[in-house]
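# this one's sequence-less:
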């Protein structure tokens, strides 16, 4: 195994985090990080790197000074460039080098989401506010590409692992079943044509339009990385429309699927701002599964920095799959790899791991008005990019889009293509 040494004088929590996230991508190379200049100069390591602006032996990583700061600078926007065709942040004045550590830190911490921005109707950070979206590089895992490029220049090999991680949100397990006869009759007054199907679903839940669980289980049998996220909200409102939690076919579906596909929590809209409700929903799912639940994805992708991740950690969540945009395709944090969350308020790396997703069927259909053919093509493009740079092709589907709802007719073909 080859050795590399990285000299970082006057390191801090930001620099240590960025360096750790970058060099965990290295393959078959042991990295020693030191603040001792003599140890660096006397090292016999195969690869010698220094994060300084000095003229030392070895390869220099340009140090812009961004990571020597603390706090959040409102209005700050990093400079950008393309150096040898590679998109980068924090270039030097001559656009010959760039601060790779600062770039990775700025992207992974979602620094811009701590700044003042104009939220969408649900209070979310919209893709249109993202610098990567404005510069039309959102569909590139810019951090992964930059890391690989630098590794090649330094003589280091990159892992470039590729995995497909299918994930499904179970917002509404049953469209009609579990609602009760009076509710079905009341709803039928607005849509009389739906009454036969409503009554049929109540009598036999497996005929419900949203009941696609056997198909999901069969499709994902060769995908151990797959995740199902169950909406466990106890109250129904405009955003939370799950069936009642005491409905036996719901609990049976959760228990049966967890035997084959790992199940996590999909906190309700109401839980996104209330830790007490989130804990109640997590407890319901844990009681149903008779095990601890440590995975989650926020309903409506209600991700707010740092509130959401603080709350999830407080409730015992260890892996979250909310990092992505509901209104755009691409890499919200500039990477297709999972990474540790860094709390910018507390200036501290945490043990909460973030798994970004890059595409969702609802985004393709409802936001971008794509056909199934266009959605398949876009998924294939993203897979090709990720295979080249390494990372996870993590995508979102919903059980209702794989069922018998007419609006989703033909989207099973998209699901199967993204799985391939």
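In hand now; what should we look at? What you are looking at is a predicted structure, and each value in this text was computed from that prediction instead of being measured.

# can you pull out the helices in this structure?
For the chain, applying DSSP state H gives helices covering 13-23, 37-42, 100-108, 131-134, 142-154, 181-190, 195-203, 213-219, 248-258, 275-289, 307-314, 361-362, 372-389, 412-419.

# Now do the buried residues in the longest one.
If I follow you right, that is helix 372-389. Neighbour counts over helix 372-389 (16 or more other C-beta atoms under 10 Å) mark 372, 375-376, 378-379, 382-383, 385-386, 389 as buried. All C-beta spots, glycine's among them, are computed from the backbone N, C-alpha and C.

# One more: the fourth one?
Of all the residues in helix 131-134, those buried under the rule 16+ other C-beta under 10 Å are 131-133.

# would TSV of the residues you listed with distance to residue 364 and pLDDT be doable?
TSV is the format used below for those (distance: C-beta to C-beta, whole Å; pLDDT from 0 to 100):
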residue	distance to residue 364	pLDDT
131	23	98
132	19	98
133	16	98
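
# With respect to residue 95, which of those residues is nearest?
Closest to residue 95 out of those is residue 131 (17.5 Å), distances taken as C-beta to C-beta.

# give me every residue that touches the closest one.
For residue 131, the contacting residues are 77-78, 80, 112, by C-beta atoms under 8 Å, 6 or more residues apart in numbering.

# low-scoring stretches of the stretch 51-200 of the chain, by residue?
Residue ranges of the stretch 51-200 of the chain with pLDDT under 70: 180-190, 192-194.

# how about a cut-off of 90?
In the predicted model, the stretch 51-200 of the chain carries pLDDT under 90 at residues 178-200.

# Could you tell me what pLDDT the model assigned to the residue positioned nearest the centre of the chain?
Most central in the chain under C-alpha atoms, centre = their mean is residue 356, positioned 2.0 Å from the mean C-alpha point. Per-residue confidence (pLDDT) for residue 356: 98.

# now swap in residue 30 and tell me
85.

# Quick check: bridge partners of it?
Beta bridges link residue 30 to residue 3, judged by DSSP bridges.

# ok, back up a step: how about CSV for the helices of the chain, with distance to residue 86 added?
Formatted as CSV, these follow (distance: least, C-beta to C-beta, whole Å):
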stretch, distance to residue 86
helix 13-23, 15
helix 37-42, 26
helix 100-108, 10
helix 131-134, 14
helix 142-154, 5
helix 181-190, 55
helix 195-203, 53
helix 213-219, 37
helix 248-258, 42
helix 275-289, 40
helix 307-314, 30
helix 361-362, 31
helix 372-389, 11
helix 412-419, 27
